[in-house]
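A.B. asks: what's the 3D shape of this:
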Amino acid sequence: MKRRIVQLPRKMRGRGGRPSSPPLSLKYAIWGFLSSTVGILAIFTVTRMAGHPYLIGSFGASAVLLFGAPDATFAQPRNLIGGQLLSAAVAVAVVACGGSGPVAIALAVGLANLLMYVTRTVHPPGGAIALLGVQGHVGASYLIDPILVGVLILLTVALFTNNIVHHRQYPKYWW
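C.D. replies: From the prediction side, this is the model:
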């Protein structure tokens, strides 16, 4: 253990240099901007039509993944749907067990992270889903409304906008 602590400063410096990344592309940037805007507006539109709020902050982060990095593992449908629903289920379970304070919120985020990892459905906005759910004292309906509804709207927009142009293909895989 002492050796690990001594090595921490060296490990925290990183490996040096920037990782290689594809060159910046104006068309990718503009398409990501347009797609993200359409995705969030679609959720707002359905919200107005249904008279019920389906928009939560973590959907903004999901939009960044789906439309800014559609090739990323975290943006694939398995991760999007599985990670969001699993994290919402954790929030519901933690609230049902009587938790809604700081320890319960932290536990929900930790459990969501653990479960997403072991099920290979890691979707970083899932942490926000768990946090917001416990903080908001959610019930079982949280899984459907707003989570599943919002995720399906974003997925539908991603399938359309990421495939209508020749320079993108989404998804890379479903499951």
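
A.B. asks: for the rest of this, base every contact and every neighbour count on C-alpha atoms.
C.D. replies: Noted.

A.B. asks: wait, Asn163 sits on Thr156?
C.D. replies: No: look at Asn163 against Thr156 with Cα atoms under 8 Å: they stay out of range, at 10.9 Å.

A.B. asks: helix or strand right after the helix or strand of the chain with the lowest mean pLDDT?
C.D. replies: Taking mean pLDDT, DSSP states H and E as the measure, the chain has helix 2-12 as its least confident helix or strand, at a mean of 81. Counting by DSSP states H and E, the element after helix 2-12 in chain order, helix or strand, is helix 26-50.

A.B. asks: okay, buried residues for that following helix please.
C.D. replies: Applying a neighbour-count criterion of 16 or more other Cα atoms under 10 Å, one finds 31-32, 35-36, 38-40, 42-44, 46-47 buried in helix 26-50.

A.B. asks: show me what it packs onto, helices and strands only.
C.D. replies: helix 58-68, helix 149-161 (3 or more Cα pairs under 8 Å, 6 or more residues apart in numbering; DSSP states H and E).

A.B. asks: can you give me the angle that helix makes with helix 58-68?
C.D. replies: Angle of helix 26-50 versus helix 58-68, following axes from the mean of the first three to the mean of the last three Cα atoms, to 10 degrees, is 140 degrees.

A.B. asks: helix 26-50 vs helix 149-161, what angle?
C.D. replies: 140 degrees.

A.B. asks: contacts for helix 26-50, please.
C.D. replies: Around helix 26-50, the neighbours that count as contacts under Cα atoms under 8 Å, 6 or more residues apart in numbering are 53-55, 59-60, 63-64, 67-68, 150, 153-154, 157-158, 161-162.

A.B. asks: which non-adjacent residue is nearest the most centrally placed residue in the chain?
C.D. replies: Central residue of the chain (Cα atoms, centre = their mean): Pro125, 3.0 Å from the mean position. Computed as Cα to Cα, 6 or more residues apart in numbering, the closest residue to Pro125 that is not its neighbour in sequence is Ser58, at 5.2 Å.

A.B. asks: any low-confidence regions in this protein?
C.D. replies: Scanning the chain for pLDDT under 70 picks out the ranges 16-22.

A.B. asks: returning to that earlier point: any idea which of the buried residues of helix 26-50 is closest to Tyr142?
C.D. replies: For the buried residues of helix 26-50, the residue nearest Tyr142 by Cα to Cα is Thr47; the value is 14.8 Å.

A.B. asks: and the closest one, how far from Leu152?
C.D. replies: 13 Å (Cα to Cα, to the nearest Å).
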